[in-house]
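*Asks:* Build the 3D model from these lines:
(6 chains, ligands or ions: 3)
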Amino acid sequence: MKHTILSCAAALALTFSAAAANTPVPVEGAEAPATTQKADWKETLTKVRGLAATTGIRGFMEKDGPEYLVKGYLMPTGARVEGHPVKVIGGLPYGVGQALMVVICLGLLYLAIVKGFEPLLLLPIGFGGLLANMPYSGVTNPPVVDAVTKLVTEPGGFLYYFFEFGVATGLFPIMIFMGVGAMTDFGPLIANPRTALLGAAAQFGIFIALFGALCLSEATGDLIKFGLKEAASIGIIGGADGPTAIWLTSKLAPHLLGAIAVAAYSYMALVPIIQPPIMKLLVPERERKIVMKQLRPVSKMEKVCFPLTVLLLCSLLLPSAVPLVGALMLGNLCREVGPNVARLSDTMSNALINIVTILLGLSVGSKLACEKFLNAETLGILALGLVAFAFGTAAGCVMGRVMNKFCKDPINPLIGSAGVSAVPMAARVSNKVGLESDPTNFLLMHAMGPNVSGVIGSAVVAGVLYTLCK
Amino acid sequence: MKHTILSCAAALALTFSAAAANTPVPVEGAEAPATTQKADWKETLTKVRGLAATTGIRGFMEKDGPEYLVKGYLMPTGARVEGHPVKVIGGLPYGVGQALMVVICLGLLYLAIVKGFEPLLLLPIGFGGLLANMPYSGVTNPPVVDAVTKLVTEPGGFLYYFFEFGVATGLFPIMIFMGVGAMTDFGPLIANPRTALLGAAAQFGIFIALFGALCLSEATGDLIKFGLKEAASIGIIGGADGPTAIWLTSKLAPHLLGAIAVAAYSYMALVPIIQPPIMKLLVPERERKIVMKQLRPVSKMEKVCFPLTVLLLCSLLLPSAVPLVGALMLGNLCREVGPNVARLSDTMSNALINIVTILLGLSVGSKLACEKFLNAETLGILALGLVAFAFGTAAGCVMGRVMNKFCKDPINPLIGSAGVSAVPMAARVSNKVGLESDPTNFLLMHAMGPNVSGVIGSAVVAGVLYTLCK
Amino acid sequence: MKHTILSCAAALALTFSAAAANTPVPVEGAEAPATTQKADWKETLTKVRGLAATTGIRGFMEKDGPEYLVKGYLMPTGARVEGHPVKVIGGLPYGVGQALMVVICLGLLYLAIVKGFEPLLLLPIGFGGLLANMPYSGVTNPPVVDAVTKLVTEPGGFLYYFFEFGVATGLFPIMIFMGVGAMTDFGPLIANPRTALLGAAAQFGIFIALFGALCLSEATGDLIKFGLKEAASIGIIGGADGPTAIWLTSKLAPHLLGAIAVAAYSYMALVPIIQPPIMKLLVPERERKIVMKQLRPVSKMEKVCFPLTVLLLCSLLLPSAVPLVGALMLGNLCREVGPNVARLSDTMSNALINIVTILLGLSVGSKLACEKFLNAETLGILALGLVAFAFGTAAGCVMGRVMNKFCKDPINPLIGSAGVSAVPMAARVSNKVGLESDPTNFLLMHAMGPNVSGVIGSAVVAGVLYTLCK
Amino acid sequence: MAILMQGLVLLVAGMGIVFLFLALLVYVMNGASRVIPRFNHILPDEEPKKKPRAVTKTVVHDDGALVAVAIAAAVARAR
Amino acid sequence: MAILMQGLVLLVAGMGIVFLFLALLVYVMNGASRVIPRFNHILPDEEPKKKPRAVTKTVVHDDGALVAVAIAAAVARAR
Amino acid sequence: MAILMQGLVLLVAGMGIVFLFLALLVYVMNGASRVIPRFNHILPDEEPKKKPRAVTKTVVHDDGALVAVAIAAAVARAR
Ligand code: NA
Ligand code: NA
Ligand code: NA
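*Replies:* Numbers count the residues shown, from 1 in each chain, chains lettered A, B, ... in the order given. Ligands and ions are numbered 1, 2, ... in the order given. Model prediction:
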């Protein structure tokens, strides 16, 4: 049986590749007659051969990037998106770059599925990247528009539509933030407000990485080029907050979206590995054992007022952060109001966030094109992302020690590291490191304070960076 | 510790405001160099100062409305939306108007959260209004389009996209109607069809408010100006049906959408306060005690045929009401068909309606701009909305008494008030007032007849008004 | 009471129709003054009369098709969609055609509701068709665009927006495929890979129907005209896979979408009637009793690798099938990865697929316009669809017998019929027919192998046909 | 004042139409209630439909009560 | 008649391609079924996955039965 | 090098702003924690909120345990 299949397959494959061998890649529109009605079978046979000329096997050997990238394309509105030369690192053929990206995306899927790295996002991102790098599949192509009639003659790929609908407009990250708000309990922050300063300090990583990106760009000359927009987008990785990073990057440096999202989610998953050594280095054993005062209970009224307070404050001082902070606080308000609007908060934190997560992940993955990912910049981004996480963690811990000097009630500096966000992973890390020094000292709830304030902090930074760098 | 924070904050605030003081509001593009690459740090510092010049604090003192409103803007299609002078009541600066709106929206949130006024809609509406009135936050801005290339250079705000996607097209109310249909049991109406006439009578409030709006417009001269379209939109408040009101208003008078939606949902929440006095006034104690014949059981076949019957009748007589009535009946058909399509009806009445409710509420809230809400018209709308509810209630009760004269089987006129829709609140009010006169006389199921027929009735009126006034 | 209602209704109806009788259908814009402000009551009365002239009753007597079809319309982008003469079979007036379609759609609803023919899809399709054929209801109208300003002066119908958003772009079928993937267990195929060949053989029906459509077109001259695109779309009915058929047809022959979707889903529901006689004819009693070796257990690792393997293979050989196969495999990967991404697979197979099913069904129904459905072509499509199912079933069974000759482990040819897809109906039919011959021989799990490979097979064919025929 | 007349026309026409429509609906439904029952066998009544989610919650909560009641009963009876 | 030839070409090519594709898939899967099991430890099998919602319902209904059975048993034993 | 200065300005300004903002938030929250409790009666605390779905599952599973425990207790007591 197996022999039969094999020989049959081999025979067909031979015919097929023979056909392909002597087929010139069909020149679009050259020999196609006006209507299919008049076409004869030879032409169909040519098309069948053309099929063999557009297999992925051949695509992975293709030298040039897809036509719509190189030559530009027309939008239905009549606007023209200009093309640009597409270069892959080392002058590799474009198809080989795509093949490398396929391997990298399989690696991402491995991390997501086997290692459990933020699988809810990295699985769709990796899968989207896989799809986007399959030659001739057209899943990221814009629609084909007739130059004369301006009518769409061929619809675009589905990843193109997802991206344009939700990422180019900024809607998906906003909707995710609603869900995040509906799932976040700001109670620990309300009970101990000063921990918000730890969340502020931990944003230091963002700016160090931003500055580092500019230094790297200067130092490496033409090898790695980052402008202010790129640097700000790279810095925001240090916010340790996926939707915030995607929101800012999609506005400032969409060509880096794939690399930055991958770096952000990967390092968020690596928080339990990245943070502990830094925390132990900066917080002496004695301070790691500090026991904090138990958090006071927080009333419903306080929890309901909190999102409105934050929103109003944000509006008064930093209007540019209002979209992100507003969405977060809308979700949180629905959560805290309780049963009367449980339908809304339940939807935000389930159906809506899940649907958007799928579409967002795929859209982000669609930007994992080889010419954007396979270059020295990506290595720089990965390095700088690590720098951002490390400095954020360090700044949080140092701020914790500083505050400890000035405050009556003691603060365990270990909770400072939770200020980088990465909810609730970073808070768990604080707890775990604390337990190593004193197995009876549970820091988890205390660490949730800086943890959730870190979310607000990085949304604020994103707003500021957007305004200053756009 | 507190001192440290305070002094630190004060110091920064001082520097900040000092910087802001001597900063001219940056003229867009005037001194910006061609690329960020060449920019020097002084320029960045200028931008930082510009940040201080675009805080909400300053925004609330701004005199003029946002540029895109005043000067108009370009759409990606190349169409130009013309600007118009933006005037706030009493010649107040625009920013002050926005501040007032923030207070009003907080009031709406208070009503929704604390008083439980239709919280599922009023919370998102209030929150959307809050966001829309935060200066420089840009959540309602259209995308910025380059005049030459027609490419979008800056995406719009998320409330803008929500509105354009779902309200300007009429899709959101339609989708909500599917869910309403999937949650509505027309059984009581099928069991006692003549109660539909009560649902017809209660639409009188719509037309009285319409006429009242025109009278008010005539009487007040230039102070309050309502054309036929505005009057029709105001009248539909009397339909006591949120999605219907939003559907019609978004088509006829989108500038009144915020005020009309707020009035409609507020009065729906106030039905237990508005209706009883009118009912008691118009229905003598003796008739309030009338016991109605128990409703006959309704077979599944009848329930399945009902939505199709209504749709066909609507198609034959009033095609303009088909979109709303059709969506309602689609949802109801799925509900009544049962297990085979339970997936669909469950989705319509849960995930879909919840998602759309969030987006619709925010979109409607985005129209709570001060120049549209802070004026005498809004007071007129609020007054006329009350008139509409009152006359609707009255007409329903009177019709009940009239029918009682002609019918063999007695009708308790109290169920007439339920004809205004406001499902199921109005039916409960009928029941409650009835119980006050006879504690053993349960009218709830009887009142559901006029109640659900009121939904059909107001959808029909919306269709008629759309055709006659568009 | 009844008399009162009747006489009241009759009186109104009389006035109404009298008004209608002497009303010329209002010429758009002819006597309308510049603004409503200046309008007088006579004009409103004229409009009321116009209402009587645009009832469905009158609409069903209308001779010509809707203006936007006949004269074409402008899109907001400035592109012009050309009109074309609209002809109904037998030269019937357009309104009569619509009335016939209403009856046909009620028939579809009957099949869906009472007979249980794929109710999840046929109910929305039938209902959408009902709505689309209601004269003057405008649910399928494009938005009205001002020729000068290019602004939308009247929004389109909701079915128009649903269609453009999800079907014209191909997004809805793709999203459904994600859900299908998340609900499909490829385990039986992995356990017994060679059953995939049965799934390949069963695609024969597609090509026979394609060839048949061309023959029919040649044979019937001007009566039935099918080009290659139409023939390919008709053939894909034989794939017995709804979303695949809709995806391909919406790209190649959108004017046939209604008929093809109806045929596809109807025959899928009829599988238990169509297949058994063919199976019994082609598989002798002796072979029907063949007991197959029990399937080996499949490890999680294999199940996780399977979707990636299929996707990579598809990418290497047939990039054009990547969108469909990719979406299917994304859903399946989420399913098999398990708890970590259960949120995603749960959403794909519940909220997302349900929402999209409603919208897709309605959109497809909106293409059940009389000029597209009421013609000889539709009869041809229905006949060819049956041919496709029959030949697919036959080819699967024959292939089963052939494989039985060559394989060590016996294959019951009855499972070949399951290769047409129609998951899981066709597999159940195999099982049932098998049980008739040997009541102890359960074929269900064995038949799931060809069944699910049939889904992959028809997605592959759709990709191939799209590339060759577009 | 012209616009007031327009409003009046709308009032009369609108109320007329909505009454006409719903009166016809009453009429048709009265007819239907006599005709349809003959076809009730086509779609036999099921047990009352319940919303899955709501049900789950209710049932779950009820379960608690039921269990308590049932156990109480069982224990009582057992004694 | 030219178009019929086109159809024939499509038939042959199409069936060839789909067979080729699925035959290759069979081949690859046969290979995979020998290779992958060596890596099964990477992703250990879990207990059979269940759809949350479905589960809930089933369990809830089962619960009713279970409770009844359990109570019956308990009572019986207690007696 | 100019761009590095820009980065430095951003660093200082950005950290300043985020500190200022969150410090103000701390200040406001400290004030609020003294003011708001006076209005706690407006929105009385409910029992701790739970996510419906999660709850359902938990409760359902708990139910099993509860039933077992309850029955065991009942039986024990009954004996
Ligand atoms: Na952060
Ligand atoms: Na109403
Ligand atoms: Na198939």
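*Asks:* next one: phi and psi at the closest residue in space to A:Gly65 that isn't next to it in sequence?
*Replies:* Leaving aside its sequence neighbours, A:Gly65 sits nearest to A:Val86 (CB to CB, 6 or more residues apart in numbering or on different chains; 3.2 Å). Bear in mind the C-beta positions are built from the backbone N, C-alpha and C, glycine included. Main-chain dihedrals, A:Val86, degrees, to the nearest 10: phi -110, psi 120.
*Asks:* what helix or strand is A:Gly156 on?
*Replies:* Per DSSP states H and E: A:Gly156 is located in neither a helix nor a strand.
*Asks:* for the residue nearest to A:Gly65, what are its contacts?
*Replies:* Going by CB atoms under 8 Å, 6 or more residues apart in numbering or on different chains, A:Val86 touches A:64-65, A:69-70, A:94, A:371.
*Asks:* The same query, at a cut-off of 10 Å, please.
*Replies:* A:64-66, A:69-70, A:94, A:97, A:369-372 (CB atoms under 10 Å, 6 or more residues apart in numbering or on different chains).
*Asks:* Low-confidence stretches in the stretch 1-150 of chain A?
*Replies:* A:1-39 (pLDDT under 70).
*Asks:* Return the residues of it in contact with chain B.
*Replies:* A:75-82 (CB under 10 Å from any CB of the partner chain).
*Asks:* Kindly recompute the last result at 6 Å.
*Replies:* Selection of the stretch 1-150 of chain A residues close to chain B by CB under 6 Å from any CB of the partner chain yields A:77, A:79.
*Asks:* now A:Ala202: how far from C:Gly242?
*Replies:* To C:Gly242, A:Ala202 is 51 Å away according to CB to CB, to the nearest Å.
*Asks:* quick one: which of the two has more around it?
*Replies:* A:Ala202 (37 against 27; other CB atoms under 10 Å in any protein chain shown).
*Asks:* next one: phi and psi at the more buried one?
*Replies:* Dihedral angles (degrees, to the nearest 10) for A:Ala202: phi -70, psi -10.
*Asks:* any residue of the host helix or strand of D:Gly7 up close to chain B?
*Replies:* Secondary structure assignment for D:Gly7, by DSSP H and E: helix D:2-35. Yes - residues of helix D:2-35 contacting chain B under CB under 6 Å from any CB: D:3-4, D:7, D:11, D:14-15, D:17-19, D:21-22, D:25-26, D:29-30.
*Asks:* could you flag which of those residues are buried?
*Replies:* Neighbour-count burial (16 or more other CB atoms under 10 Å in any protein chain shown) is assigned, among those, to D:3, D:7, D:11, D:14-15, D:17-19, D:21-22, D:25-26, D:29.
*Asks:* ok, how many other residues are close to the closest residue to A:Ala422 other than its chain neighbours?
*Replies:* Leaving aside its chain neighbours, A:Ala422 sits nearest to A:Ala240 (4.1 Å; criterion: CB to CB, 6+ apart). Burial of A:Ala240 is recorded as 34 neighbouring residues (other CB under 10 Å).
*Asks:* does A:Ala240 really touch A:Val423, like I thought?
*Replies:* No - counting by CB atoms under 6 Å, A:Ala240 does not reach A:Val423; the two are 8.6 Å apart.
*Asks:* Measure how buried the closest residue to ligand 2 within chain A is and give me the count.
*Replies:* The minimum distance from chain A to ligand 2, using CB to the ion, falls at A:Arg343 (22.6 Å). Residues near A:Arg343, counting by other CB under 10 Å, number 18.
*Asks:* how about it, what does it touch?
*Replies:* Each residue near A:Arg343 by CB atoms under 6 Å, 6 or more residues apart in numbering or on different chains is listed here: B:Asn354.
*Asks:* Ok, the one 5 residues further on next?
*Replies:* With contacts defined as CB under 6 Å, 6+ apart, the neighbours of A:Met348 are A:178-179, A:182, A:331.
*Asks:* again with A:Pro124
*Replies:* A:358, A:361-362.
*Asks:* again, only this time at 7 Å
*Replies:* A:358, A:361-362, A:365 (CB atoms under 7 Å, 6 or more residues apart in numbering or on different chains).
*Asks:* State the distance from it to C:Met61.
*Replies:* Distance from A:Pro124 to C:Met61, by CB to CB: 53 Å.
*Asks:* repeat for A:Gly331
*Replies:* 54 Å.
*Asks:* Looking at these two, which has the bigger crowd around it?
*Replies:* Set A:Gly331 next to C:Met61 and count neighbours by other CB under 10 Å: A:Gly331 wins out with 28 against 13.
*Asks:* isn't that one right next to A:Met178, touching?
*Replies:* Yes - using CB atoms under 7 Å, A:Gly331 is in contact with A:Met178, at 4.1 Å.
*Asks:* where does A:Leu295 land in three-state SS?
*Replies:* Secondary structure assignment for A:Leu295 (DSSP: H, G, I helix; E, B strand; the rest coil): coil.
*Asks:* So for it, what's the nearest residue that isn't a sequence neighbour?
*Replies:* A:Ala191 (4.0 Å).
*Asks:* my guess is the one you found meets A:Arg296, correct?
*Replies:* Yes - A:Ala191 lies in contact with A:Arg296 (CB under 7 Å); the separation is 5.1 Å.
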